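Asker: Below is the sequence, then the predicted model.
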Amino acid sequence: MERSAINTYIEQNKERVLNELLDLLKIPSISADSKYKPDILKTAEAVKQRLIEAGADKVEISPSKGNPVVYAEKIIDPAKPTIIVYGHYDVQPADPINLWHSPPFEPVIKKTDIHPEGAIFARGACDDKGQMYMHVKAFELMMKTNTLPCNVKFMIEGEEEVGSPSLGPWIIENKERLKGDVILISDTSIIANDTPSIDVGLRGLAYMEVEVVGPNRDLHSGVYGGAVANPINVLCKLIADCHDENKHITIPGFYEDVMELSAEARAEIAKAPFNLDEYKKDLAVGDVMGEKGYSSIERTGIRPTLDVNGIWGGYIGEGAKTVLPSKAFAKISMRLVPNQNSHKISELFQKYFESVAPKSVRVKVTAHHGGEPVVVSTESVGYKSASMAMEETYGKKPIPTFGGGSIPIVALFKKELGLDSILFGFGLDSDALHSPNEHYGLVNYYKGIETIPLFYRNFTQLSGK
Ligand code: BES
Ligand code: MN
Ligand code: MN
């Protein structure tokens with residue numbers, strides 16, 4: 001497939017290809033909140049319809065224990081390689097709504113400094129409807145121009161943003177029809193629009209909830225304060241004690257399995273362009289912070305973390321209420337790196353919290369979803385195909401990077417299907433994923449549609465099938 005033919009097709013279908021994505025973005029497919037279940041199903045239906053129109057066969061909304069998976073395939077020749085495209089049609093909740101400059105499910109196109117040609121503002125624009133839909137349109141392009149060089153299977157799920165609880169069992173049940181050669185995913189970021197990159201790692205995740213229980217009821221903070229443990233004070237101290245003065249995590253055994261990178265590998269990471277002043281300016285922070293001895297890129301890419309995601313308890317209404325609360329709560333996540341294991345880390349966390357809590361309170365620790373870290377070899381046919389494709393459309397060889405986020409199912413693709421995943425993302429970290437005013441550059445969207453067919457071509461050629 002030649003680039004000129006690709007670009008002609010994109011040029012001729014530019015508006016429709018954009019409007020279809022905007023329509024998809026109008027459906028609030030929030031997986032975390034069950035009241036959006038009808039919208040989840042509506043989105044799955046829309047993705048199914050678009051795949052049928054694009055020319056896929058066996059398109060179906062396949063039930064799972066939770067939200068359904070949209071499955072489709074096009075087998076042109078069983079002797080040719082098969083690319084399995086994974087993406088997700090669910091999105092994160094939009095709150096806090098009042099910080100959005102336009103409603104999260106009414107997409108608008110606006111120019112920004114980083115996206116002078118315009119970006120689509122909507123929840124899911126980048127993560128992941130926009131990036132997932134590039135694959136549907138690239139597939140359509142290859143079908144309509146008669147240039148699909150290999151087989152393709154689509155597996156678009158609706159629970160990624162809640163940890164993919166049903167997709168693991170679903171892939172085990174569907175092992176037979178998920179035979180393929182590589183998994184292709186656009187759900188990560190590049191360094192900048194003039195600096196392409198491909199993630200060669202993703203962090204794992206252990207997500208915990210802690211409840212600290214003090215006295216059997218809320219108390220008058222004057223009558224009892226000073227004599228009875230305040231669960232919020234205790235919880236804050238427990239959390240603060242999770243890091244030492246070097247921002248090292250203090251949980252015993254936490255670093256036991258962490259893979260230390262060689263000096264060469266670290267020197268390679270340091271080559272990626274990174275401007276600390278711009279980073280600070282973008283986030284409006286006076287300084288960065290993190291584990292001593294590591295750069296900011298390393299702190300998000302190759303080092304594990306522990307962060308509080310939410311903390312509550314006591315009185316948070318208007319005015320002041322003098323109360324010593326009975327309970328305090330926190331949600332705490334740990335990002336993990338190779339070769340840490342989420343179950344082991346969850347256990348270490350639980351033991352640690354229970355052992356250090358004072359007798360004046362009771363601590364209950366529960367584990368939410370988790371996921372294992374991932375590494376992608378730059379020597380694989382898939383990585384090389386992706387690298388060559390990006391080099392062609394960006395005019396620069398992409399830099400291998402370590403993504404700080406998690407896509408928990410990727411480790412399971414390896415374990416259950418024996419398949420490597422290629423993290424072929426086109427978004428930017430500054431696109432406000434999960435935040436108010438999430439957006440996706442029009443340039444990024446079309447660039448993805450332009451680059452994906454080149455991956456198909458390269459992968460087919462390099463596989464020698
Ligand atoms: N697409 C992201 C993951 C991501 C974003 C990886 C940018 C690398 C760069 C994905 O949708 C996501 O948000 N994952 C969650 C996983 C969780 C909900 C289990 C995450 O990383 O918090
Ligand atoms: Mn995503
Ligand atoms: Mn996400």
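Answerer: All right, it came through fine. Ligands and ions are numbered 1, 2, ... in the order given.
Asker: Look up the residues forming beta bridges with residue 83.
Answerer: Beta-bridge pairing for residue 83 (DSSP bridges): residue 152, residue 182.
Asker: Thought residue 180 was touching it, still the case?
Answerer: Yes - if you go by Cβ atoms under 8 Å, residue 83 and residue 180 touch, sitting 6.7 Å apart. Where you see a C-beta, it was placed from the backbone N, CA and C, and this is true even at glycine.
Asker: who's more crowded, these two?
Answerer: residue 83 (27 against 22; other Cβ atoms under 10 Å).
Asker: Spit out the contact partners of the more buried one.
Answerer: By Cβ atoms under 8 Å, 6 or more residues apart in numbering, the contact set of residue 83 is 150, 151, 152, 153, 180, 181, 182, 184, 455, 456, 459.
Asker: Turn the residues you listed into CSV, columns for distance to residue 308.
Answerer: Formatted as CSV, the contacts of residue 83 follow (distance: Cβ to Cβ, whole Å):
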residue, distance to residue 308
150, 46
151, 46
152, 42
153, 40
180, 40
181, 41
182, 37
184, 35
455, 39
456, 43
459, 42
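Asker: And those, which two are furthest apart?
Answerer: Largest separation among those by Cβ to Cβ: 153 and 455, giving 14.9 Å.
Asker: Common neighbours of residue 83 and residue 180, please.
Answerer: With Cβ under 8 Å, 6+ apart, residue 83 and residue 180 have common neighbours 151, 153.
Asker: which residues sit in contact with residue 368?
Answerer: Residue 368 sits in contact with 163, 207, 208, 209, 331, where contact means Cβ under 8 Å, 6+ apart.
Asker: Give me the secondary structure label for the closest residue to ligand 1 within the chain.
Answerer: Proximity of the chain to ligand 1 (Cβ to the nearest ligand atom) peaks at residue 405, 2.6 Å away. Classification of residue 405 using DSSP: H, G, I helix; E, B strand; the rest coil returns coil.
Asker: wait, doesn't it sit right on residue 201?
Answerer: No - with contact defined as Cβ under 8 Å, residue 405 does not reach residue 201; the gap is 10.6 Å.
Asker: So residue 446 versus residue 431, what's the distance?
Answerer: Going from residue 446 to residue 431 by Cβ to Cβ, to the nearest Å gives 15 Å.
Asker: more neighbours, the two?
Answerer: It is residue 431, of residue 446 and residue 431, that has more neighbours when counted by other Cβ under 10 Å, with 24 against 20.
Asker: ok, and the closest non-adjacent residue to the more buried one?
Answerer: Nearest residue to residue 431 in three dimensions, chain neighbours excluded: residue 126, at 4.4 Å (Cβ to Cβ, 6 or more residues apart in numbering).
Asker: looking at it, residue 342 is touching residue 208, isn't it?
Answerer: No - with contact defined as Cβ under 8 Å, residue 342 does not count as touching residue 208 (10.5 Å).
Asker: still on that earlier bit, relative to residue 159, how far out is the residue nearest to residue 431?
Answerer: In terms of Cβ to Cβ, residue 126 sits 19 Å off from residue 159.
Asker: for residue 239, same thing?
Answerer: The value you get for residue 239 to residue 159, if Cβ to Cβ is used, is 29 Å.
Asker: cool, and residue 152?
Answerer: 22 Å.
Asker: Give me the pLDDT value at residue 2.
Answerer: Turning to residue 2, the model gives it a pLDDT of 81.
Asker: coming back round to it: so which of the contacts of residue 368 comes closest to residue 375?
Answerer: residue 163 (20.4 Å).
Asker: And for the residue in the stretch 251-400 of the chain that ligand 2 sits nearest to, nearest residue in space, chain neighbours not counted?
Answerer: Residue of the stretch 251-400 of the chain nearest ligand 2, by Cβ to the ion: residue 371 (12.4 Å). Among residues not flanking residue 371 along the chain, residue 408 sits closest, at 2.5 Å (Cβ to Cβ, 6+ apart).
Asker: Thought residue 204 was touching the one you found, still the case?
Answerer: Yes - the pair residue 408 / residue 204 is scored as a contact, 7.5 Å apart, by Cβ under 8 Å.
Asker: Find residues that contact each of the two.
Answerer: Shared contacts of residue 408 and residue 204, counting by Cβ under 8 Å, 6+ apart, come down to 370, 371, 372.
Asker: List the residues that contact the nearest residue to residue 97 once chain neighbours are set aside.
Answerer: Leaving out its chain neighbours, the residue that sits closest to residue 97 by Cβ to Cβ, 6+ apart is residue 104, at 7.0 Å. Shown in contact with residue 104 (Cβ under 8 Å, 6+ apart): 28, 94, 97, 122, 123, 436, 438.
Asker: Doesn't residue 104 belong to a strand?
Answerer: No - according to three-state DSSP, residue 104 belongs to no strand; its state is coil.
Asker: Show the backbone phi and psi for it.
Answerer: The phi and psi values for residue 104, taken as degrees, to the nearest 10, are phi -60, psi -20.
Asker: now do the one 5 residues further on
Answerer: When read as degrees, to the nearest 10, the backbone of residue 109 gives phi -110, psi 120.
Asker: Count the residues that sit near the closest residue to residue 333 other than its chain neighbours.
Answerer: Of all residues not flanking residue 333 in the chain, residue 207 sits nearest, at 4.8 Å (Cβ to Cβ, 6+ apart). As a burial measure, residue 207 scores 20 neighbours (other Cβ under 10 Å).
Asker: what's near enough to touch residue 207?
Answerer: For residue 207, the contacting residues are 163, 309, 331, 332, 333, 334, 367, 368, 369, 370, by Cβ under 8 Å, 6+ apart.
Asker: which secondary structure element contains it?
Answerer: strand 204-213 (DSSP states H and E).
Asker: and that strand, which residues are buried?
Answerer: Buried residues in strand 204-213, counted by 16 or more other Cβ atoms under 10 Å: 204, 205, 206, 207, 208, 210, 211, 212.
Asker: Taking those together, which two end up most distant?
Answerer: 204 and 212 (26.2 Å).
Asker: what's across from the closest residue to residue 378 other than its chain neighbours in the sheet?
Answerer: Excluding its sequence neighbours, the residue lying closest to residue 378 (Cβ to Cβ, 6+ apart) is residue 400, at 5.5 Å. Applying DSSP bridges to residue 400 gives these bridge partners: residue 198.
Asker: count of residues packed around residue 400?
Answerer: Number of residues near residue 400 (other Cβ under 10 Å) recorded here: 18.
Asker: tell me the contacts of it?
Answerer: Neighbours of residue 400 in contact, by Cβ under 8 Å, 6+ apart: 197, 198, 199, 200, 268, 378.
Asker: Confidence-wise, which of those comes last?
Answerer: For the contacts of residue 400, the weakest pLDDT value sits at residue 268, with 87.
Asker: how far away is that residue from residue 18?
Answerer: From residue 268 to residue 18 the distance is 37 Å (Cβ to Cβ).
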